[in-house]
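Student: the following block contains a protein sequence and its predicted model.
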Amino acid sequence: MKVLKTSGYLVSTISVLLLGYVSWTSASKDPVLFACLILGMIASVAGMVLRWLSYRRERKQVQGAASQLAGAAKSGDAVTNSPRRS
């Protein structure tokens, strides 16, 4: 799943760059249109990077929770969502 999602974000980034390349010549004739093209490309790639980073963070959280459950199961502790009291 990790490779599939990462590949998807990479393909999307490449497609943004290719579409920007095709539009570059005509957009460069109008400063406003050119600025919109550049900002749109940056925003699109930045959005994909942020989604990829959030996916990575979520994956680490799920792996951490799974490790915690596995450790509790081995030690025989009950796993709850409430904090432990001393």
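Tutor: Yep, it's here. Numbers count the residues shown, from 1 in each chain.
Student: just give me the longest helix of the protein.
Tutor: helix 31-75 (DSSP state H).
Student: which neighbouring elements make contact with it?
Tutor: helix 2-27 (3 or more C-beta pairs under 8 Å, 6 or more residues apart in numbering; DSSP states H and E). To be clear about C-beta, it is placed using only N, CA and C from the backbone, and glycine gets the same treatment.
Student: contacts only, for the most centrally placed residue in the chain.
Tutor: Against the mean C-alpha coordinate of the chain, by C-alpha atoms, centre = their mean, the closest residue is Trp52 at 1.3 Å. By C-beta atoms under 8 Å, 6 or more residues apart in numbering, Trp52 lies in contact with 5-6, 9.
Student: buried subset of those as a ChimeraX selection?
Tutor: Here is the ChimeraX command that selects the buried residues among the contacts of Trp52 (16 or more other C-beta atoms under 10 Å):
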select :9
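Student: and which of the contacts of Trp52 is nearest Gly40?
Tutor: When those are ranked by distance to Gly40 (C-beta to C-beta), Tyr9 comes first, at 17.3 Å.
Student: tell me the angle the worst-scoring helix or strand of the chain on mean pLDDT makes with helix 2-27.
Tutor: Ranked by mean pLDDT, DSSP states H and E, the helix or strand of the chain with the weakest confidence is helix 31-75, at a mean of 89. Relative orientation of helix 31-75 versus helix 2-27 (axes from the mean of the first three to the mean of the last three C-alpha atoms, to 10 degrees): 170 degrees.
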